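Q: No sequence on hand, only this structure:
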């Protein structure tokens, strides 16, 4: 696209949008541009939380993009009512319930950390949606993770400090 603006690109490719425009579409594109800017700033903030700096954001893989879309565009931080460790190694596992009663299951096995969340209060977490999965270790035999490391890895997704009042 070179140095063209989004408006110039659309004028060339969709000229019918601009007939009798009276500035309406230009304002829509200004708003859309501001939205994209905010998404980029959110991505940078997310990357910083996950340990990336602004220069390595281009190294984010497809799983990270899926995670970013889900957590920042569709989800709020999960708040837990109960949470406990149910297996200390190979795999290390945690279970709990969110404040709205849905089950959550977190597992660390083969160097991969995953988190499943039930879609409703009657569903088991393992039958729910996998809301996070990341290969956090190169060691395919690694199945041991302490609570603090798991919380650090998922702190952008789960509010572990939430206290129900």
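A: Arrived safely, thanks for sending. None of the values given here were measured: they were computed from a predicted structure. Residues are numbered from 1 along each chain as shown.
Q: Which of the three states applies to residue 153?
A: Classification of residue 153 using DSSP: H, G, I helix; E, B strand; the rest coil returns helix.
Q: Am I right that it is in contact with residue 112?
A: No: between residue 153 and residue 112 there is no contact under C-beta atoms under 8 Å: 10.9 Å. (Each C-beta comes from the backbone N, C-alpha and C, glycine too.)
Q: Give the residues shared as contacts by those two.
A: 134, 136 (C-beta atoms under 8 Å, 6 or more residues apart in numbering).
Q: Show me which of these two is the more surrounded one.
A: Between residue 153 and residue 112, counted using other C-beta atoms under 10 Å, the more crowded position is residue 153 (20 against 16).
Q: now that one, nearest residue through space, not along the chain?
A: residue 113 (5.5 Å; C-beta to C-beta, 6 or more residues apart in numbering).
Q: Equivalent analysis for residue 87, please.
A: Residue 87 sits nearest to residue 93 (C-beta to C-beta, 6+ apart), 3.8 Å away.
Q: next SSE after the helix or strand harbouring residue 150?
A: Per DSSP states H and E: residue 150 is located in helix 147-154. Downstream of helix 147-154, the next assigned helix or strand under DSSP H and E is strand 158-159.
Q: Check the spacing between residue 112 and residue 106 real quick.
A: Taking C-beta to C-beta, to the nearest Å as the measure, residue 112 falls 11 Å from residue 106.
Q: In the protein, mark out all the helices, start to finish.
A: With DSSP state H, the ranges of helices along the chain come out as 6-13, 24-50, 62-68, 147-154.
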